[in-house]
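[1] just to be clear, the model below is a prediction. Sequence and coordinates:
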Amino acid sequence: MMPAKTVNRILISVITAIIIAAAVFVAYGYVIFKGPSPTARNEYLAEHGEDSVYARIFGIPASDIPETVALPSYPAKDTGGGSLPEADTSVQVLEDIGEGKTQDQYGLIDDDGDGVVIKNVSGEAYEGKMIVVWDPKQVILGSIDLNRGAGYTLLEFCEMYDAIAGINAGGFTDNMGTGNGGTPFGIVITDGQYMQVSDAPWENCIIDNDGNLKLGYYTIDEMKALGARWGASFGPALIIDGQVSEIGVNFMSGLYARSVIGQRDDGAILLLVVDGIQAHSAGCRGRDIIDIMNDYHAVSAYNLDGGASTCAAAYGEIIDSPSSIQRLIPNAWLVMKKGA
């Protein structure tokens, strides 16, 4: 028979855990239903309806439940009647505007000459960061040694590789939220070395030797033929060769933290993170991501591991607001210094 003190400690621990869980549950409901974004509220109600526990708790009448949240029709990008060119930084228009600053053809300004521009992005229900890298060859995939058995935080990856910036990349085995980032899935390619391959049909994201971002269900032989130098897996692809993926739009219908990699037709790499499930940012959907990437002139866009894994760093600091403490992740898209 357990001593009374031990029983009391167990009871206190259980009661404390229940109170914390209840507080988190109620806080999430207040963020969705009483927070600043009606979009977040309507999205939740459209997905879960009047039978939702939250709808009952907050007394949402059936008349307030949207029947549907219509998916907009995305026109395909105009590719000039032919296939899109591969990454060609020679078509970039970079103008010296004085005081050591350079401006590209889209009005983005590099203040310090490292070829990296960081911008705030925001919408009705979300906030995030966009990292624009003019030279695609500055972007690599940093990865763990698979024998290590555990991942690193994003800041640790940046420090290990002496990277200017980075965001989380591929997916990994998570074990109900307790994964240690040590078991990536899909394909992992670092500097032309195929570090891991699984048989699961994950849509792959690769960068070839010339800095071209390519998306698809490639076989190993196909990726080698494409000259894949860096690669990771998650998906889905949202924009391929200037064409919007309806599968991506419909599949990613909920509001979540998101991480995305994309590319402009002049070769610039786009690294996007959007905060989620927080008071300042409920998160975004696939169609929101496409809107953002279109605003930044993307001709390709690929969904990375999101949720609690979503994280962005630059110049030695976390620059977004992750929904949890920095997770251990198996790999990261990193921005290297010029000439590194």
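    Arrived safely. Numbers count the residues shown, from 1 in each chain.

[2] any idea which helix or strand carries the nearest residue to residue 240 once chain neighbours are set aside?
    Spatially, and ignoring its direct neighbours in sequence, residue 240 is nearest to residue 215 (5.4 Å; Cβ to Cβ, 6 or more residues apart in numbering). In this view, the C-beta of every residue, glycine as well, is placed from N, C-alpha and C. Applying DSSP states H and E as the criterion places residue 215 in strand 213-216.

[3] where along the stretch 51-200 of the chain do the strands fall?
    Using DSSP state E, counting those that start in this stretch, the strands of the stretch 51-200 of the chain run over 95-98, 101-103, 109-110, 116-122, 127-133, 139-143, 165-168, 188-190, 193-196.

[4] so residue 258 bridges to which residues?
    Counting by DSSP bridges, residue 258 is bridged to residue 274.

[5] ah, wrong one, I meant residue 262
    Beta-bridge partners, per DSSP bridges, of residue 262: residue 270, residue 301.

[6] burial of it, as a residue count?
    Residue 262 is flanked by 29 other residues according to other Cβ atoms under 10 Å.

[7] confidence score at it?
    At residue 262, the pLDDT value in this model is 97.

[8] try residue 6
    70.

[9] one more: residue 48?
    49.

[10] next, give phi and psi for residue 272.
    Per-residue torsions, residue 272: phi -120, psi 140 (degrees, to the nearest 10).

[11] I should have written residue 106 there, sorry.
    phi -100, psi 10.

[12] excluding its backbone neighbours, what's nearest it?
    In space, residue 106 is closest to residue 297, 6.2 Å off (Cβ to Cβ, 6+ apart).

[13] and the one you found, how many residues sit next to it?
    Using other Cβ under 10 Å, residue 297 has 17 neighbouring residues.

[14] that one and residue 242: what is the separation?
    10 Å (Cβ to Cβ, to the nearest Å).

[15] mind listing the shared neighbours of those two?
    Both residue 297 and residue 242 are contacted by residue 265, under the criterion Cβ atoms under 8 Å, 6 or more residues apart in numbering.

[16] tell me the contacts of the residue nearest to residue 240?
    So residue 215 contacts 203-206, 237, 240, 300, 302 (Cβ under 8 Å, 6+ apart).

[17] residue 309 too?
    168, 259, 327, 329.

[18] check contacts around residue 240.
    Taking Cβ under 8 Å, 6+ apart, we find residue 240 in contact with 215-216, 300.

[19] one more time with 10 Å
    Counting by Cβ atoms under 10 Å, 6 or more residues apart in numbering, residue 240 makes contact with 84, 203, 214-216, 248, 299-302.

[20] now it: how far from residue 163?
    In terms of Cβ to Cβ, residue 240 sits 27 Å off from residue 163.

[21] which parts of the stretch 1-150 of the chain are helices?
    4-34, 38-48, 53-57 (DSSP state H, counting those that start in this stretch).

[22] please read the previous query as pertaining to the stretch 151-300 of the chain.
    Here the stretch 151-300 of the chain has its helices, by DSSP H, counting those that start in this stretch, at 154-161, 220-225, 246-251, 286-295.

[23] weakest of those helices in terms of mean pLDDT?
    helix 246-251 (a mean of 72).

[24] rewinding a little: among the contacts of residue 309, which one has the most neighbours?
    residue 168 (33 neighbours).

[25] residue 172 against residue 308, yeah?
    No - proximity of residue 172 to residue 308 does not meet the contact threshold set by Cβ atoms under 10 Å, at 11.8 Å.

[26] can you count the residues close to residue 99?
    Count around residue 99 with other Cβ under 10 Å applied: 6.
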